[in-house]
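In: One predicted model, sequence on top.
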Amino acid sequence: MDYAEDVLKYSYLEGKKIVLGVSGGISAYKSVELLRMFQKAGADVQVVMTKTATKFVSEWTFESLTGKKVYVEFEGMEHIYVPHSADLFVVAPATANIIGKFANGICDTMLSTMLIATTCPVVIVPSMNWAMLKNPAVSENIKKISERNGCIVVEPEEGDLACGERGEGKFPHLEKIFFWCEYALAPKKFYGKRAVVTAGPTKEFIDDVRYISNPSSGLMGYLVAREIALSGAQTYLVSGADIHFQDINCFAGFSKVVSAEDMLTEVEKLLPADIFVGAAAVSDFRPKVRIKGKVKKESVGDEVLVEFIRNPDIVNSVRQGVKILIGFALESEDILNNALCKLKSKNVDLIVANDIRTFGKSESEFIIIDKENVESPEKVVSHKRIVARKIVERIAEKMEKAEKCKDIKH
Ligand SMILES: Cc1cc2nc3c(=O)[nH]c(=O)nc-3n(C[C@H](O)[C@H](O)[C@H](O)COP(=O)(O)O)c2cc1C
């Protein structure tokens with residue numbers, strides 16, 4: 001399992017035509033990696049460069065990687081044909097100069113003209129020295145673009161800049177750019193909604209160094225949170241996983257927790273919510289006492305008895321504060337029947353059952369059971385990202401149904 005690769009699979013960029021505009025900034029070399037990422041995701045990319053950009057990276061690099069001519073100068077009517085055949089237009093890096101041109105409708109180069117001629121969603125990735133970024137002219141231009149319908153500006157990051165100074169203006173992580181490119185294309189089913197998702201294992205400490213836990217990677221919950229965020233909901237992920245998901249902070253509020261009790265405390269702070277997805281593998285039990293320090297083996301005999309007590313049931317505890325509640329059931333045997341029992345006992349709207357063999361894997365078998373249609377469980381043998389998308393579709397259907405009922409009552 002490689003979550004960075006997993007996110008590229010089955011993305012909204014698959015099969016899409018992307019125009020990648022490269023302007024003349026020091027981070028132009030990073031757009032080569034961005035191009036590779038788009039290609040791995042199954043997109044067909046056409047590169048357009050400014051003349052200055054070709055001083056930083058040769059158009060030969062992009063031509064070799066795409067197998068297509070790179071546009072720098074005007075050529076016939078290509079400034080219209082190319083953007084009109086695109087599904088997405090990304091400018092990365094975007095210099096202060098190209099941002100100024102796009103904000104003010106200036107069409108004096110191939111790239112600036114294509115940007116003004118485009119009709120598809122646009123993602124702009126500014127990257128420059130902190131003082132250039134803070135300049136009122138540039139700030140105003142960025143604000144102007146970000147307020148336009150169909151335009152997304154990906155916030156630059158703070159850090160060490162190429163000029164040797166430190167500040168805001170750094171080219172963002174590729175995962176973050178990729179998320180916003182997907183966001184530009186994803187249908188917005190959950191605008192104005194609030195969602196809380198849990199992920200990963202919990203750790204229940206016996207003493208200060210030893211704990212009981214499980215091998216959950218947190219990938220399923222992370223992918224569900226990402227998919228919900230792509231659908232436009234304000235999303236929060238509460239995770240016990242040790243993997244640091246690189247792009248998490250760009251699309252969700254994020255809390256890292258340790259134990260089941262911590263997870264419940266964090267979740268309660270985030271409620272009420274329209275959607276709650278409990279994808280975490282929460283430990284059902286915890287040691288009755290947590291011993292301070294490290295228990296020395298010399299201080300105990302050959303047998304050590306640890307007394308366990310029940311942990312709070314997070315999914316049960318949140319029911320009152322949530323409109324649509326989704327649970328996961330991890331089973332080792334009789335998966336369907338055990339999941340049905342859980343669906344009823346936890347009073348969830350949907351339960352996603354899976355086998356313990358899914359632990360740490362990207363692809364597996366899942367069974368989705370709907371409270372309103374328990375007779376027809378849906379079996380999905382696929383990548384966790386597809387399962388996440390199915391869950392989102394089911395939530396959207398339920399939401400639509402609930403809204404319709406509300407309208408009828410009114
Ligand atoms: C070495 C060097 C690095 C530069 N890096 C950046 C940069 O990171 N961001 C930026 O906005 N401008 C940067 N500039 C300034 C742009 O290259 C300059 O504004 C140019 O006119 C941009 O042209 P273009 O937008 O047509 O590519 C840099 C210039 C030089 C000489």
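Out: Cool, the structure landed.
In: Read off the pLDDT value for residue 407.
Out: In this prediction, residue 407 carries a pLDDT score of 69.
In: What is the neighbour count of residue 102?
Out: 25 (other CB atoms under 10 Å). To be clear about C-beta, it is placed using only N, CA and C from the backbone, and glycine gets the same treatment.
In: Spit out the contact partners of it.
Out: 91, 94, 112, 115, 116, 124, 141, 145 (CB atoms under 8 Å, 6 or more residues apart in numbering).
In: what helix or strand is the fifth one on?
Out: Mapping residue 116 onto the secondary structure by DSSP states H and E places it in helix 110-117.
In: Is the ligand within reach of that helix?
Out: No: contact of helix 110-117 with the ligand (CB under 6 Å from any ligand atom) is absent, the minimum separation being 7.2 Å.
In: I'd like the next helix or strand past that helix.
Out: Counting by DSSP H and E, what follows helix 110-117 is strand 122-126.
In: what about the helices in the stretch 51-200 of the chain?
Out: Along the stretch 51-200 of the chain, the segments classed as helices by DSSP state H, counting those that start in this stretch run 53-56, 59-66, 78-84, 96-104, 110-117, 130-134, 136-146, 174-185.
In: Nearest to residue 11, out of the ones you listed?
Out: Closest approach to residue 11 among these (CB to CB): helix 174-185, 5.5 Å.
In: my read: residue 98 touches residue 112, true?
Out: Yes: between residue 98 and residue 112 there is a contact under CB atoms under 8 Å: 6.3 Å.
In: Compare the two (neighbour count), which wins?
Out: residue 98 (27 against 24).
In: Okay, that one and the ligand: tell me how far apart.
Out: 4 Å (CB to the nearest ligand atom, to the nearest Å).
In: so what pLDDT did the nearest residue to that residue once chain neighbours are set aside get?
Out: Nearest residue to residue 98, sequence neighbours excluded (CB to CB, 6 or more residues apart in numbering): residue 23, at 4.2 Å. Per-residue pLDDT puts residue 23 at 98.
In: Ok, residue 363 next?
Out: So, for residue 363, pLDDT stands at 79.
In: now do residue 381
Out: Taking residue 381 on its own, its pLDDT is 85.
In: Count the residues that sit near it.
Out: That count, for residue 381 with other CB under 10 Å as the rule, works out to 11.
In: contacting residues around the residue of the chain most remote from its centre?
Out: Here the centre of the chain is the reference, and by CA atoms, centre = their mean the most remote residue is residue 301, at 48.4 Å. Residues counted as contacts of residue 301 (CB under 8 Å, 6+ apart): none.
In: Quick check: it is in a strand.
Out: No: Residue 301 is assigned coil when assessed by DSSP: H, G, I helix; E, B strand; the rest coil, not a strand.
In: May I have the phi/psi pair for it?
Out: Dihedral angles of residue 301 (phi, psi; degrees, to the nearest 10) stand at phi -80, psi -160.
In: List just the nearest of the contacts of residue 102 to residue 318.
Out: Using CB to CB, these come closest to residue 318 at residue 124, 38.4 Å.
In: Just the buried residues of the biggest helix by length in the chain, please?
Out: Criterion DSSP state H: the longest helix present in the chain is helix 384-409. Residues 384-392, 394-396, 398-399 are the ones in helix 384-409 that count as buried (16 or more other CB atoms under 10 Å).
In: among the residues you listed, which are within reach of the ligand?
Out: Okay, of those, nothing touches the ligand (CB under 6 Å from any ligand atom).
In: possible to save the helices of the stretch 51-200 of the chain as JSON lines with mean pLDDT?
Out: Converted to JSON lines, the helices of the stretch 51-200 of the chain look like this (pLDDT from 0 to 100):
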{"stretch": "helix 53-56", "mean pLDDT": "98"}
{"stretch": "helix 59-66", "mean pLDDT": "98"}
{"stretch": "helix 78-84", "mean pLDDT": "98"}
{"stretch": "helix 96-104", "mean pLDDT": "98"}
{"stretch": "helix 110-117", "mean pLDDT": "98"}
{"stretch": "helix 130-134", "mean pLDDT": "97"}
{"stretch": "helix 136-146", "mean pLDDT": "98"}
{"stretch": "helix 174-185", "mean pLDDT": "96"}
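In: Out of those, the one nearest residue 155 is which?
Out: Residue 155 sits nearest to helix 174-185 of all the helices of the stretch 51-200 of the chain, at 8.4 Å, using CB to CB.
In: what does that closest one contact?
Out: Residues contacting helix 174-185 (CB under 8 Å, 6+ apart): 4, 7-8, 11-13, 16, 18, 30, 33-34, 37-38, 41, 87-88, 90, 92, 121-123, 125, 150, 152, 154, 157, 226, 229-230, 246-247, 250-251.
In: Many thanks, I have nothing further to ask.
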